[in-house]
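Peer 1: okay, sequence plus prediction incoming.
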Amino acid sequence: MEVINWKSILEAMLFAAGDEGLSLKQVSAVLDITDMQAVDIVESLMAEYEDDSRGIHLIEMAGVYQLATKKEHSDYLKRLVETPGAHGLSQAALETLAIIAYKQPITRAEIEEIRGVKTERPLSTLVSKVLVKEVGRAEGSGRAYLYGTTKEFLDYFGLNSLEELPPLSENGEESYEQEEADLFFGKFRDTIE
Amino acid sequence: MEVINWKSILEAMLFAAGDEGLSLKQVSAVLDITDMQAVDIVESLMAEYEDDSRGIHLIEMAGVYQLATKKEHSDYLKRLVETPGAHGLSQAALETLAIIAYKQPITRAEIEEIRGVKTERPLSTLVSKVLVKEVGRAEGSGRAYLYGTTKEFLDYFGLNSLEELPPLSENGEESYEQEEADLFFGKFRDTIE
Amino acid sequence: MYKIKIDAFEGPMDLLLHLINRLEIDIYDIPMAEITEQYVGYIHAMKELELDVASEYLVMAATLLAIKSKMLLPKHEEESHEDEGDGIGYEEDPRDELVEKLLEYRKFKNAANEFKVLEEERNLVFTKPPSDLSEFSQPGEVVRMDLNISLYDMLGAFQKLLRRQKLQKPLFTKVARQEMSIEKRMDEIVADLRVFGGRKTFYELFPIPDKEHIVVTFLAVLELMKLNEIFVDQEGNFSEIFVAAKDGVEAVGSY
């Protein structure tokens, strides 16, 4: 008689699914077990991967389980792999995205009200990168588009769901490069005084 | 002092390399060790994977090391293929569809070049769902099939023509926002430098 | 001799927050005269430098001036009664709306910084594309139904593909370093020494901290010595080794 090695099967499935990942439903359907049992197996495999001898681990991202390399090996992987998306989003796009993430659904006018500047460009960048999408129309005369975040947004920031967004903090730690900015202003005063 | 966990790094590397695998040279170059040392590490990882608790193993094919699912799990992988995801289309199929939509007419080899993986199954899924069809033959020796989207594709997404496809952001989209900012401060910088 | 790199401000709110921070002003009690002066000075400076000042900056300047002048107006009599204590009254402070907006904006600006961190961390994680499972699928049945996808799903998958890290094959073919021949390095060294016109320390011949480059350079130096193309000079045991080209050795002179 053979004992079914669930963890082994799950590992094979996760490997094959790659960055498409597997939902809990898929795991339980393929293994023909209950969701509860599936959770158990997933969690036990997850724990095993945390061992230092393993280079990959099992994470939940954008609502699916998937295998991914551990952060501590990124230096080696960067030597091996091209990272096309290394540029990162602009400050304007990040601000716009943050407002949408926490206030969705939200219109462009409302975003501009908060930022105090026109936001057309960052918004269209975000839409074309599918980090944000039109999710409906606002009530009222203009029937302006309402924007919300996408599944790709979660993936882009390594989040599993919107609940994992960092909490909004009231008081601001200015993360400026203070000195540089002061230098800049020092110079300014010299010119205008 | 930290001990470098070579096997862990190797596992991460092999995972990221996916179906393309890694040559011994790549392993030793990235880890900055000799080929002999690399062989040792590879073989020791290989042995570990043979344990029944593991669903994948490390195989060598034509001088290339790669991770692959174990044969004994093929029944489950078959079921995985048959279990539709949330969309009815896998990510692989969606990727393939996007590439065809924007780059048509295109051969399978060209699609695989972009995706970096074999694309037989996603392509046949798309053909069977009538979203995509053969639209001709490429010039040249192979006379490979060219693929394009169908009328059903347009209907499905409510498009009148392919011109209505949203513009595609293929990297570097950020740069023009940056330009604006540079314009703002560029001149100032010129004056002080 | 310093260089300045400035992050552009993301608009008037961003600039105001910066000023508040730099002047160490309490955001709940902004000295309007001071901040307005600073802000307007900044706008003037931009104009003097012939930069386009976006209209939003000008609108904010007007707002600041309006608030400032409102605060200069004599207070109503009832207010001065209420205010007797520590100056906190229930009447509306002309700054309220601005402060509220600044606080709101700052929340999201902070969140944007957190997003930046998340973005960077995510870039440290590598995934793999789904495997090709065609060997497991039955060919055949044409099914044209049961799809539940949108254009976004398709585009989203494509963006994910674009972001996916690709194996860097060129690195390993390119870096086969066939070009780094000993002959070539010999030529480089001699040319370099001739241009320099004097002696160089041995270590200066190894500018690139790359194993292969070092080995090739070392072999090239040995070869050049053998061919009598260079002079090697050492003042004493364990002291610096100097190298010079054979022609144009005036500066060396010892041979």
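Peer 2: Nice, I can see it. Numbers count the residues shown, from 1 in each chain, chains lettered A, B, ... in the order given.
Peer 1: distance check, the residue nearest the centre of chain A against chain B.
Peer 2: Nearest to the mean C-alpha position of chain A, by C-alpha atoms, centre = their mean, lies A:F157 at 2.2 Å. According to C-beta to the nearest C-beta, to the nearest Å, A:F157 and chain B sit 16 Å apart. Where C-beta positions appear, they are placed from N, C-alpha and C, glycine not excepted.
Peer 1: okay, that residue and chain C: tell me how far apart.
Peer 2: 4 Å.
Peer 1: give me the neighbour count for the closest residue to that residue other than its chain neighbours.
Peer 2: Nearest non-adjacent residue to A:F157, counting by C-beta to C-beta, 6 or more residues apart in numbering or on different chains: C:L118, 4.2 Å away. Residues lying near C:L118 (other C-beta atoms under 10 Å in any protein chain shown) number 17.
Peer 1: quick one: the residue nearest to the centre of chain A and A:M61, what's the gap?
Peer 2: Distance of A:F157 to A:M61, given as C-beta to C-beta, to the nearest Å: 9 Å.
Peer 1: list the helices and strands the helix or strand where the residue nearest to A:F157 lies packs on?
Peer 2: Secondary structure assignment for C:L118, by DSSP states H and E: helix C:96-122. If you count contacts as 3 or more C-beta pairs under 8 Å, 6 or more residues apart in numbering or on different chains; DSSP states H and E, helix C:96-122 packs onto helix A:91-103, helix A:108-115, helix C:12-22, helix C:55-72.
Peer 1: so the last one, near chain B or not?
Peer 2: No. For a cut-off given as C-beta under 8 Å from any C-beta of the partner chain, helix C:55-72 has no contacts with chain B; the smallest distance is 10.5 Å.
Peer 1: is that helix in proximity to chain A?
Peer 2: Yes. On the criterion C-beta under 8 Å from any C-beta, helix C:55-72 is in touch with chain A at C:56, C:60.
Peer 1: mean confidence score for that helix?
Peer 2: Summarised as a single mean, pLDDT over helix C:55-72 is 90.
Peer 1: give me the buried positions along the helix holding C:L118.
Peer 2: C:98, C:101-102, C:104-116, C:118-119, C:122 (16 or more other C-beta atoms under 10 Å in any protein chain shown).
Peer 1: next secondary structure after that helix?
Peer 2: On the C-terminal side of helix C:96-122, the nearest following helix or strand under DSSP H and E is helix C:151-163.
Peer 1: show me what the mean pLDDT comes to for that following helix.
Peer 2: Taken as a whole, helix C:151-163 carries a mean pLDDT of 80.
Peer 1: next one: stretch C:229-238
Peer 2: In this model, stretch C:229-238 has a mean pLDDT of 70.
Peer 1: then stretch A:167-179?
Peer 2: Mean predicted confidence for stretch A:167-179 is 57.
Peer 1: show me the domain layout of chain A.
Peer 2: For chain A, automatic domain parsing gives the domain ranges A:6-73, A:88-192.
Peer 1: okay if I get those domains as a markdown table plus distance to B:V81?
Peer 2: Output for those, formatted as a markdown table (distance: least, C-beta to C-beta, whole Å):
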| stretch | distance to B:V81 |
| --- | --- |
| domain A:6-73 | 9 |
| domain A:88-192 | 22 |
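Peer 1: which of these has the lowest mean pLDDT?
Peer 2: Looking at these, the weakest mean confidence is domain A:88-192, a mean of 83.
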